[in-house]
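Participant: what's the 3D shape of this:
(chains A and B)
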Protein chains: 2
Amino acid sequence: MTEAAQFLRRRQLLAGSAGALATAGLVGFADKAVAQAAPAAPAGPRPLPAYAAWKDADAVIVHSATTIETRRSAFGTSSITPTDRLFIRNNLPAPDAAIVANRDAWQVSVEGVRNPRTISVGDLKTIGLETVATVLQCSGNGRGFFPSKPSGTPWTVGAAGCVVWSGVPVRYVAEACGGVASGMVYLTGTGGEKLPDGVDPLSVVVERSVPITAMTDAILAWEMNGAPISLAHGGPLRLIVPGYQGVNNIKYVKRLAFTSAESQAKIMSHGYRITPLGGTSVPGEPSVQQMPLKSWVNYPAGDRSVRAGTVYVTGVAFGSGAPIGRVEVSSDGGKTWIDAPFVGPDLGRFAWRQFALPLQMAPGNYVLTSRAIDAAGNVQPQERLENAHGYNNNSWADAAVKVAVV
Amino acid sequence: MTEAAQFLRRRQLLAGSAGALATAGLVGFADKAVAQAAPAAPAGPRPLPAYAAWKDADAVIVHSATTIETRRSAFGTSSITPTDRLFIRNNLPAPDAAIVANRDAWQVSVEGVRNPRTISVGDLKTIGLETVATVLQCSGNGRGFFPSKPSGTPWTVGAAGCVVWSGVPVRYVAEACGGVASGMVYLTGTGGEKLPDGVDPLSVVVERSVPITAMTDAILAWEMNGAPISLAHGGPLRLIVPGYQGVNNIKYVKRLAFTSAESQAKIMSHGYRITPLGGTSVPGEPSVQQMPLKSWVNYPAGDRSVRAGTVYVTGVAFGSGAPIGRVEVSSDGGKTWIDAPFVGPDLGRFAWRQFALPLQMAPGNYVLTSRAIDAAGNVQPQERLENAHGYNNNSWADAAVKVAVV
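Facilitator: Coordinates of the predicted model:
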C-alpha cells in the first residue's frame, strides 16, 4: 500500500471514529494529508482558527486550522519573530485549554535515567534555568518551491521564526534523575495531545527521537518570547532542541525518555523521512533532524514594486548551530554576489542573523536572493535536495524573489 | 504659583477648551497631574483603554488611560519584553489611528542641518537601517517607593521593558541633510500629538532636548519587536535615544532638530527636572536624561509565597550604555550579597542583562533584592536620590521584595 493510500485509509478510519478530527482536516501525522483533506478553498483568505485567533491576521497566511504561515513581508528586522506573527504547524489538534490553566501542575515523565520519575513544571523550575534564542522551522518550509508538487502544505519561507525560550536544560533534568541509564543513544520526546479512539496510538502519536548528543543544548521550556508558552505553541511545556527542525520540538511534552532505539511511532519510523522522488517512506532513510544552512531575502518581498534608488535588501540566515560567517546577496538570480552586512544583535548560534544590504537599483526587473556561508566555510546550495515529501529545502534559487523596480 | 497650582490651572483651561482631554484625565505634561485628576478608583481593576485593548490584561496594571504598568511577576526571563506586556506612559492622548494607516507617508522635518528638509518614512528607509535593543523606562519608574509620596503615577518596577527597535540612525539622516549646522549642541525631538486649542502650545507640546552626543546611538525607528510600531507606542515613527529615560524617546516624531539651546517647551524647561523635596521645578535643575545604573528582582515577585528548597531568583540589570559587569543578590535586605550568574543572550549595551541565581531557601521571611555593578565598577546605590517629583529612582533598597518561603 502506498503512503498516500495509507493516509487515505487512516483518514477513513478517523472519519468513522473521530469525526471532529476529520472535519477539521487534522488527519495523520504529516501535513501532506491535511492538504489532501482540505475542502475547496473558500473565497478570500481563510479565517484564523479559534485557538490562534490572537494571531495578527494581516501578517499570516492561514493554510488550514493547523498550518499557518508568516508572510515574507511580515518578518521585519528585529531579530525576534513576535508570537502573534509566528507560524503554526500542529500534527494533531491542540489539547484542551484546561492544560494551561494551572501550568505548574503539568507533569512530564522522565525515563531512561537511573531514577525514573515524574516531574511537574513547578518542580522543573527548581532544577535549572536557561534562556536561548532558536530558529523554529517546519521541515516542510520551502515545500511550495518543489516542482514535483509534493502533497502537504506548500510553505514558501514563512514556516519559520526566531524565538526566545526559557526553561530547564535537559542535562540538568537527567542529572536530577541520577543520570542517563547506560546504553541510551536517543533523546525521545512524546507529545501530550489527546489521541483519537479506535486507531493504533503509534500511528498518530507525536513522538520523535533525536541523537542523545542533542541533550547538550535541549531544554524543557515553559516560556516563549517573554510569556508563558501559549497552547498554540506547545504550552505549558515544550521540548526545544536547538538546531533541529520543528517537528523534533515536541509540544505539550508529557514524556522525556533516553532510549536505546528510535521511537516506533509512525511519525518517526515513516514520517519526516527524506524519501526519493516517487518512493515510499521507510525506516532507515534519513530523518528530518538538524536544519541545513539556509537564508532568504525578506525585503523586497516581491509582493509589490519598489522605487528606484537605494533599496535596503534585508533577510535572515541560520543553520543548525554553526555561527553564520557571512551572507551574500544577488540581484541577478545568482550570477553575481555582494557581501551583505549583518544588522542587529547576535542572539547566539541557534538564532538567525539578520542582514541588510543597501543596493542601488535602477528601474527594471530583478531576481533577488541570498546565500549563507557558515563559519566552517559551508555554502548554502543552489539546488534543493529532491525528495518525495518536500523536506529540508534550503535552495537559494528556490527562495529567490522577483522584484520590479520602477 | 506652585507647580501643582499651575497644573490645576492648566487643567481648568483644558476642561473648558478641550473637554475630551480633561474627561480622559490627560492633562498637562507630567503624569502627576493625571493622578490628581483621576476619579475615585472603581471596584476591581481598571479596564484597558481602547487604543491599548490588545495588551495582556493579566500582565499589566492599568493606572489610568495613559499609564499602564507591567506587573513584576509578568516580566519573564526571555530578555525581550513582549509588546502586549510593555508599559505605556503617554503625556498626551495618542493621535488618531489614521496616522498609522499609511505609515510610509508620515513626515519628519529635519532642522538645524545644512540642508533642512522634510523626509517621509518611506524615504528614511532608503537612508539607513539599524536594529538595536534598548531598555525603555519611564523616568518615574520607582516613584511609588518614595516616602514623600510625590504626586504622579506610583510606578514600582514595571514602567520599563527591553525592546528591539529598527530604524535609521540619526547620524545618517543628518548626513543626508548636509550635516549638522554649526553651533548646535542639542538634539531636539518634537511629538506629533494633536494639541488642544486655547492653550499655549509650549505648555503642552511633547518636545525634549538631549545632548547632541546622543545622536551617535539615536535612531528614528519604525519597527518595534518585529512589527511596525503600534500607535500606543509611538508609531509610525519614534525617536529612540538609547540609554536615555523614556520621555526623551519622542513618539509620533514630526520634527528632529539640531539646536543651539534646549527646547523652550514646558516639558523640557520645567518638567522632568530633579527638583529638591518641597521645591518648585525651574530651568537649570538637572533634567531627566541618561538612565542611572539599576537592577531589580522579578522572581520571586512577593505576590505569593514560595516553596522551600532551590529558588531561581531572577531579574534584570541595565544602565545608560556601559555594559553590566556583574549583579549581586541579597536575601537579607542587603546585609550579605551573592554573585548572580547572567542568563540568556547579551543583546548589547543598551539592553538589560538577565540574571538567575539558584538560592537554597529554608522556610521563613526574606527581603530579596539585587544590585548591579557596571564594567567601570560603578555600583547601584542603596539610597534613592530624593526629589520632589519622584524621578530616577535606582535604589536597590526600594526595589526589594518581601518573600515568604513556606
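Participant: surely A:V282 and A:H270 touch.
Facilitator: Yes: counting by C-beta atoms under 8 Å, A:H270 is a contact partner of A:V282 at 6.9 Å. Backbone N, C-alpha and C define where each C-beta goes, glycine included.
Participant: for chain B, what are the nearby residues on the stretch 251-400 of chain A?
Facilitator: Contacts of the stretch 251-400 of chain A with chain B, taken as C-beta under 8 Å from any C-beta of the partner chain, map to A:307, A:309-312, A:314, A:343-348, A:351, A:354, A:356, A:358.
Participant: run the last query once more with 6 Å
Facilitator: A:G309, A:T310, A:Y312, A:V343, A:G344, A:P345, A:L347, A:G348, A:A356 (C-beta under 6 Å from any C-beta of the partner chain).
Participant: give me the number of residues near the first one?
Facilitator: Around A:G309 sit 13 other residues, with neighbours defined as other C-beta atoms under 10 Å in any protein chain shown.
Participant: again with A:A362
Facilitator: Neighbours around A:A362, by other C-beta under 10 Å: 8.
Participant: so what's the residue nearest to it when sequence neighbours are not counted scoring on pLDDT?
Facilitator: Nearest residue to A:A362 in three dimensions, chain neighbours excluded: A:A308, at 5.7 Å (C-beta to C-beta, 6 or more residues apart in numbering or on different chains). The model reports A:A308 with a pLDDT of 98.
Participant: go on, the one 3 residues further on?
Facilitator: For A:V311, the pLDDT comes out at 98.
Participant: ramachandran coordinates for it?
Facilitator: phi -120, psi 120 (degrees, to the nearest 10).
Participant: how near is it to B:I267?
Facilitator: Distance of A:V311 to B:I267, computed by C-beta to C-beta, to the nearest Å: 38 Å.
Participant: one step back: which one's more surrounded, A:V282 and A:H270?
Facilitator: Set A:V282 next to A:H270 and count neighbours by other C-beta under 10 Å: A:H270 wins out with 19 against 11.
Participant: mind listing what that one touches?
Facilitator: A:S281 (C-beta atoms under 6 Å, 6 or more residues apart in numbering or on different chains).
Participant: what does the one 3 residues further on give?
Facilitator: For A:R273, the set of contacting residues under the criterion of C-beta under 6 Å, 6+ apart consists of A:S281, A:E285, A:S287.
Participant: how close does it get to A:F146?
Facilitator: 16 Å.
Participant: so which residues of chain A form helices?
Facilitator: A:3-17, A:19-23, A:31-37, A:121-124, A:170-176, A:201-204, A:266-269 (DSSP state H).
Participant: from B:Y299, how far out is A:T126?
Facilitator: Relative to B:Y299, and taking C-beta to C-beta, A:T126 is found at 12 Å.
Participant: the two: who's more crowded?
Facilitator: When A:T126 and B:Y299 are compared for neighbours, B:Y299 comes out ahead with 22 against 17, by other C-beta under 10 Å.
Participant: from chain A, how far off is that one?
Facilitator: 9 Å (C-beta to the nearest C-beta, to the nearest Å).
Participant: what's the spacing between that residue and B:E328?
Facilitator: 17 Å.
Participant: with A:E207 instead?
Facilitator: The value you get for A:E207 to B:E328, if C-beta to C-beta is used, is 44 Å.
Participant: what does the stretch 101-250 of chain A have sitting close to chain B?
Facilitator: Going by C-beta under 6 Å from any C-beta, the residues of the stretch 101-250 of chain A near chain B are A:T126, A:L129, A:T131, A:A133, A:V164, A:S166, A:E223, A:N225, A:G226, A:A227.
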